[in-house]
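S.K.: please work out how this folds:
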Amino acid sequence: MSNSGEISLASAKTSEKTFVGYYQSWSEQWTSSPQQMQLANIAPYVNKVIVSFIQPDASYIKGSYNFTGTGLQFAADGKVVKDAIALLKKRNGNTKVLVAVGGQSYTNFAQINPQIIANIVEDFGFDGVDVDYESNNVKCSSSNGQVSCTSDAEFRRVVRQIRQVLPKPYLVTAAVWSIGAYGEGQWANAQPQGEKTGMTLNLLRSPESKMIDQLHIMSYDAGITYNPQEALAAYQNYFKGKVVMGLEVPPEAWGGNVYTLAKVRDLAQVVINRNAAGLMLWSLQKQVEGIPSNDNPTAEMIAKTACQVLLLGNCQQPLFNSQKTGISVHQSL
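M.R.: Residues are numbered from 1 along each chain as shown. Take a look at the predicted model:
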């Protein structure tokens, strides 16, 4: 139990900073009890939970609670998952639960079914949608100092269509590329460079940017030359809404960077200093390889450290009250 001072601090601070945790639907073990699901037992300092992933071109019959055709890979029955979401929100009054559409494996945004996505949100009690637009065919180039990408029109259309079927107070957030705000102005030569340099700029200049409640920068898998602080400054230059910086449980999929606890603290302090919205973790269930340590931290170690620096309160609580973990990494954000 935390003391009364910490509880008061938590209630004062949770609306100011956010800690976003991506939750892998495929890692949850089967149960017939909502109370036994990891999803219902996430610590309150993870005040935005993003369930991953649904297909952009999902099929779903409203009221069926059947995951077949949605892309979600829960072993449990749909109504058990619905009840687990409701239980989590009842236990943690400040926590919002969103569902992510897309990710690395589901890229058919050309055939997006926005109404199907809205039906899933409404049936399961989600608070909104996180757009994880990660098309593998994106190519960006610069002309006269301005970046344009093959994905520009589709990215904007996806955000617009999702907001149309999910008006406020539903949340629409977006996971955005590490180098997506580079390529112009003082960030014209920011490192590293790649085919997706500037991928988010067109969206951020468009009317659709005002439809986005929060950006989640995937500030990992970018190599050792990548500077998250510089990426945050670039995104904040173009987007005046809430910006969240991402962390990944090591090892990262590419580039050799490791978010040690020291780096987690440093990035959390940068978030505070630049008045950014908070931090994000990929993912709550990802398993660290090797022996956990301050230089090779688990999801729980990262989450608790972020909690402490962001002053979210109740930071001593385990990441999951029920410590069941699934080990599977066949998708990523």
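
S.K.: every contact and neighbour count from this point should use C-alpha atoms.
M.R.: Will do.

S.K.: so where's this protein uncertain?
M.R.: In the predicted model, the chain carries pLDDT under 70 at residues 1-15, 322-333.

S.K.: can you give me the strands in it?
M.R.: In the chain, the segments counted as strands under DSSP state E are 18-24, 48-54, 96-102, 128-132, 140-143, 146-149, 171-176, 214-217, 242-248, 278-282.

S.K.: for those, please prepare TSV with the additional fields mean neighbour count and distance to residue 87.
M.R.: Formatted as TSV, those follow (neighbours: other Cα atoms under 10 Å; distance: least, Cα to Cα, whole Å):
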stretch	mean neighbour count	distance to residue 87
strand 18-24	26	16
strand 48-54	25	13
strand 96-102	26	11
strand 128-132	26	17
strand 140-143	14	43
strand 146-149	18	42
strand 171-176	22	20
strand 214-217	24	24
strand 242-248	25	26
strand 278-282	25	22
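
S.K.: looking at the ones you listed, which is closest to residue 268?
M.R.: Nearest to residue 268, of all those, is strand 278-282, at 7.0 Å by Cα to Cα.

S.K.: contacts for that closest one?
M.R.: 17-22, 216, 243-249, 268, 271-272, 299, 303, 306, 310, 333 (Cα atoms under 8 Å, 6 or more residues apart in numbering).

S.K.: and for stretch 59-67?
M.R.: 68-70, 73-74, 77-79, 113, 116, 119-120, 123-124.

S.K.: what's the first-to-last distance across that stretch?
M.R.: Stretch 59-67 has an end-to-end distance of 9 Å (Cα to Cα, to the nearest Å).

S.K.: repeat that for stretch 26-33.
M.R.: Rule used - Cα to Cα; the end-to-end distance of stretch 26-33 is 17 Å.

S.K.: in it, which residues are buried?
M.R.: Residues 26, 27, 28 are the ones in stretch 26-33 that count as buried (16 or more other Cα atoms under 10 Å).

S.K.: what of stretch 208-226?
M.R.: 208-209, 211-223, 226.

S.K.: now do stretch 106-118
M.R.: Across stretch 106-118, burial judged by 16+ other Cα under 10 Å covers 106, 107, 109, 112, 113, 114, 115, 116, 117, 118.

S.K.: what does stretch 282-293 give?
M.R.: Of all the residues in stretch 282-293, those buried under the rule 16+ other Cα under 10 Å are 282, 283, 284, 285, 286, 287, 288.

S.K.: return it as PDB; C-alpha atoms alone will do.
M.R.: C-alpha atoms of stretch 282-293 as PDB (Å, rounded to 0.1, in the frame of the first residue of the first chain):
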ATOM      1  CA  TRP A 282       6.700  -1.500 -26.600                       C
ATOM      2  CA  SER A 283       5.600  -3.700 -25.000                       C
ATOM      3  CA  LEU A 284       4.200  -4.600 -21.700                       C
ATOM      4  CA  GLN A 285       4.700  -8.300 -22.300                       C
ATOM      5  CA  LYS A 286       7.900  -8.300 -24.400                       C
ATOM      6  CA  GLN A 287      10.500 -10.500 -22.700                       C
ATOM      7  CA  VAL A 288      14.000  -9.300 -22.200                       C
ATOM      8  CA  GLU A 289      16.800 -11.600 -23.500                       C
ATOM      9  CA  GLY A 290      19.500 -12.600 -21.100                       C
ATOM     10  CA  ILE A 291      19.800 -11.700 -17.400                       C
ATOM     11  CA  PRO A 292      17.800  -8.600 -16.400                       C
ATOM     12  CA  SER A 293      19.800  -5.700 -15.000                       C
END
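
S.K.: what distance separates it from the centre of its chain?
M.R.: Relative to its chain's centre, stretch 282-293 lies at 17 Å (Cα atoms, centre = their mean, to the nearest Å).
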